[in-house]
Every structure is written in structure tokens, then in C-alpha cells.
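J.: Whatever this is, show me its structure:
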Amino acid sequence: MSRAAATPPPKTCASCGREMQWRAKWAKNWDEVRYCSDACRRRGIRPVDAQLTQAILDLLDARAATATICPSEAARKVGGEEWRDLMEPARRAARRLVADGEVDITQRGAVVDPSIAKGPIRIRRRRA
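T.: As a prediction, the model looks like this:
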């Protein structure tokens, strides 16, 4: 059996929603690993993260099935005047929703890998 065949499949970080690849240092406890980094472990999932997730879903529900939203719309809905500080948390919420199979993240109309997407993104409901 090759080393690649023995490598467990990747999983998603519970905090940032990015894909985590198996690492040798996690060999003994890969099943319990939930976070990709110490920063994500410290941050965890905060109440505002749940609010942003719900805001994304509510905004998408209020639009046509093919419509997209910007993460800033969810940040504005949750944060009011202080929405700019919620931009990265809104992007993390969108990545978690991608991992849950609820939405897709797009750039220029094409679905992109949320773990490596840089720059402006849009969020849409996952299409069948």
C-alpha cells in the first residue's frame, strides 16, 4: 500500500471553513482534529458567526434562486455601522456553508475553491 493510499481524506476546519489536509503530526488523533491552526482553535465559533451564517441564508432566501450576494451584505445586516470588521467572519461563514453543501462561492460567475479564493467573491445557493 502506498503512502498516498493510506492518507485519510481531507476535512474542513470548523472555524474558518478551509480544507485541511492530513499531516503526520495529526496521525494519532486525526478523527478528533477540528481546527486547522491555533488561531482557529482560539477563535472557535462565536455567536456572531452563527448570526452571519443565518444572515447569508436569509439574504439568499429573499432573492431569486439564481441570485448571488456579497459577503458584505451579510456583514452589514449583522454589524450595522461596524460591518467592515465582519467581512472576514462573513467569508468564513460562507466557507462553512460551502462545506455543508448549502452554497457555492463564485468569482466572475464561476464556482471557485473557497479554501484558496482570493479577492472579491459572491455567494449563491448550490445548484442541483
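J.: model confidence over the longest helix seen in the chain, on average?
T.: Across the chain, the longest stretch assigned as helix under DSSP state H is helix 47-61. Mean pLDDT, helix 47-61: 97.
J.: hmm, who's touching the next helix or strand after it?
T.: Next helix or strand after helix 47-61 toward the C-terminus (DSSP states H and E): strand 68-69. Applying C-beta atoms under 8 Å, 6 or more residues apart in numbering, the external contacts of strand 68-69 come out as I56, L59, L60, R63, T106, R122, I123, R124. C-beta here means a position set from N, CA and C on the backbone, and glycine is covered the same way.
J.: again, only using 6 Å
T.: With contacts defined as C-beta atoms under 6 Å, 6 or more residues apart in numbering, strand 68-69 is touched by L59, R122, I123, R124.
J.: Assign the third one to helix, strand or coil.
T.: Of the three states, I123 takes strand according to DSSP: H, G, I helix; E, B strand; the rest coil.
J.: Now do the contacts for R96.
T.: R96 neighbours (C-beta under 6 Å, 6+ apart): G17.
J.: if you skip the residues just before and after it, what's nearest to the residue nearest the centre of the chain?
T.: Geometric centre of the chain, nearest residue: R95, 1.3 Å, by C-alpha atoms, centre = their mean. Nearest residue to R95, sequence neighbours excluded (C-beta to C-beta, 6 or more residues apart in numbering): G17, at 2.7 Å.
J.: Quick check: which element contains that neighbour?
T.: Using DSSP H and E, G17 sits within no helix or strand.
J.: Now do it: how many residues are near it, please.
T.: By other C-beta atoms under 10 Å, 22 other residues sit near G17.
J.: Distance of it relative to K28?
T.: Distance, G17 to K28, using C-beta to C-beta, to the nearest Å: 25 Å.
J.: again, but for E102
T.: Computed as C-beta to C-beta, the E102 to K28 distance reads 32 Å.
J.: which one of those two has more residues nearby?
T.: Remark: of E102 and K28, E102 carries more neighbours, 16 against 8, as counted by other C-beta under 10 Å.
J.: Skipping adjacent residues, who's closest to the more buried one in space?
T.: E102's closest residue in space is R126 (C-beta to C-beta, 6+ apart), at 6.2 Å.
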